[in-house]
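**Q** need the 3D shape of this:
(4 chains)
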Protein chains: 2
Amino acid sequence: MSATPTSNTLTERVFHDLRADIVNGRMPAGSALKLSPLAQRFDVSMSVIREALVRLSEQGLAQLSPNQGFKVVSITAEDLIDLTDLRIRLESLALAESIRHGDTAWEASVVAAHHVLERTPLTQAEHGGTSDAWSHAHAEFHDALGAGCARPRLISLTRSMRDSSEVYRQLSTTREGSGNRDVAAEHKALMELATSRKEAEAVAALSAHLQRTTDIVLAGLDSSD
Amino acid sequence: MSATPTSNTLTERVFHDLRADIVNGRMPAGSALKLSPLAQRFDVSMSVIREALVRLSEQGLAQLSPNQGFKVVSITAEDLIDLTDLRIRLESLALAESIRHGDTAWEASVVAAHHVLERTPLTQAEHGGTSDAWSHAHAEFHDALGAGCARPRLISLTRSMRDSSEVYRQLSTTREGSGNRDVAAEHKALMELATSRKEAEAVAALSAHLQRTTDIVLAGLDSSD
DNA sequence: CTCGTTCGTATTTTCGATAATTATCAAATC
DNA sequence: GATTTGATAATTATCGAAAATACGAACGAG
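**A** The predicted model follows:
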């Protein structure tokens, strides 16, 4: 059903790969994204890289300063706070509407996404931080929660903001064992509350879930940089 | 204080001009945006046009179908409803926080923006619809209302959505005299409520203001297409 | 007459190279 | 010693053309 998003054009492939690199924390926040090295690495012309970077910049994952090139978006505590507040509001809205109007197919997709997430190992062998597979399954699960509302714009907004949040989350999972938190249990509760249509409780659980993650990241941010 | 947004690079100039064309309704919604004609019109290479169009697409003002080119974003009643609901929520939030935390400079900028808007003629000589100058002043005023909250992400979101809404608004002002509505009075009330820090009333006025515009556009949409 | 195929054309996508701009750093000046 | 200047290198922005793809018309078979 998902598998390869199969990007037909070169630019899309590069765009997806670069986004994954940023979102999964392989590119340090704030680091420069120079055209020629990237062109070499992906074995494409600079135009392709440039177009991909322009898209990423427009989405807020990179920054373009005219005549000075691109860099990975830089992170600040204030931005994370701002971002999290917006995410809580909008994802809560999407979830609430999904619970109110979502059909059985939506319920099924939530259950399915949770099933995958539950069975995906959180940590990877080497690379510190969570595995790409888990990050992906995690994003898919949260996506599924809000996908029942018939509002494309709201959905794409929450997706975009989730990507931005990932840049921060990667930072925290790298440095600390995420405290004594049972994330899997939170997800399971979320899934059950959503599919049993308990709107208020589900929204509360989702809000707490998002806020908790941010608080951990914030703690890590303050104590380091 | 504003004057020339001074785009240093060619792409930025083209981007701004094209966005203005779309937002001000000079490009029919859904119409194709072909590269070579645009390159000729702006007297630049296709690369520049392409980059501008990619940016517009990423912002939701155009659409890119791989290998099939760009077109002006197409409009639907459902999207406008979705969009308006989000705008009401987020602009209300920005306004409320501005009222709570904005300083005197913010108040001043609201008064100033309203002053300009008040003195800008609504209709232009020829071109049906509102004048570019008024559209600009109008955007600046609404921008000023929310600019007092110290949340860059929220601000840029509301800006982006306002642009999208403009595509719709242009459609309605072209075809009807906007009924018996005193938009100027609404703006004045908004300005006064905001600067006198009446949060609840200001937010209610803003929500009603946005919803009213949408209702008019929706009426026009249903009765035509 | 309808459906499918082939081919030419229009358009997009990608490339490689040039022009323009910025960054670097050593020498020179105050 | 700090700041400015000027040449050089590195990088981005732009261009024009080649390659790939989609679109539509003409054609032929069933």
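
**Q** on the three-state scheme, A:Gly60 is what?
**A** Using DSSP: H, G, I helix; E, B strand; the rest coil, the structure places A:Gly60 in coil.

**Q** can I assume it is in contact with A:Ile75?
**A** No. Using Cβ atoms under 8 Å, A:Gly60 is not in contact with A:Ile75; the gap is 11.5 Å. (Glycine included, C-beta is placed from N, CA and C.)

**Q** number of nearby residues for A:Asp121?
**A** Wrong residue type there; residue A:121 is Pro, not Asp. When neighbours are defined as other Cβ atoms under 10 Å in any protein chain shown, A:Pro121 has 11 of them.

**Q** list the contacts for the closest residue to chain B within chain A?
**A** In chain A, the residue that lies nearest chain B is A:Glu58 (3.5 Å; Cβ to the nearest Cβ). Residues counted as contacts of A:Glu58 (Cβ atoms under 8 Å, 6 or more residues apart in numbering or on different chains) are B:Val54, B:Arg55, B:Glu58, B:Gln59.

**Q** the last one against B:Arg162, yeah?
**A** Looking back up the chat, that one is B:Gln59. No. At 11.5 Å, B:Gln59 does not count as touching B:Arg162 under the criterion of Cβ under 8 Å.

**Q** so the residue nearest to A:Cys149 when sequence neighbours are not counted, which state does it fall into?
**A** Nearest residue to A:Cys149, sequence neighbours excluded (Cβ to Cβ, 6 or more residues apart in numbering or on different chains): A:Glu97, at 3.6 Å. Under three-state DSSP, the three-state class of A:Glu97 is helix.

**Q** ok, now how distant is A:Glu97 from DNA strand C?
**A** A:Glu97 is 33 Å from DNA strand C, where distance means Cβ to the nearest atom of the strand, to the nearest Å.

**Q** also A:Phe141?
**A** 31 Å.

**Q** how about A:Gln40?
**A** 10 Å.

**Q** that residue should be in a helix, yeah?
**A** Yes. Secondary structure of A:Gln40 (three-state DSSP): part of a helix.

**Q** what is the neighbour count of it?
**A** 11.

**Q** before we move on, what about A:Asp222?
**A** Residues lying near A:Asp222 (other Cβ under 10 Å) number 9.

**Q** how about the nearest residue to it, chain neighbours excluded?
**A** Counting by Cβ to Cβ, 6+ apart, the residue nearest A:Asp222 is A:Ala77, at 6.8 Å.

**Q** where's the residue located most distally from the centre of chain A, which helix or strand?
**A** The C-alpha centroid of chain A is most remote from A:Asn67, which lies 29.5 Å away (Cα atoms, centre = their mean). A:Asn67 is part of no helix or strand, with elements assigned from DSSP states H and E.

**Q** so who does it touch?
**A** A:Asn67 sits next to B:Asn8, B:Thr9 when contact means Cβ under 8 Å, 6+ apart.

**Q** related to what we said a few turns ago, test for you: state the pLDDT assigned to the residue nearest to A:Asp222.
**A** For A:Ala77, the pLDDT comes out at 96.
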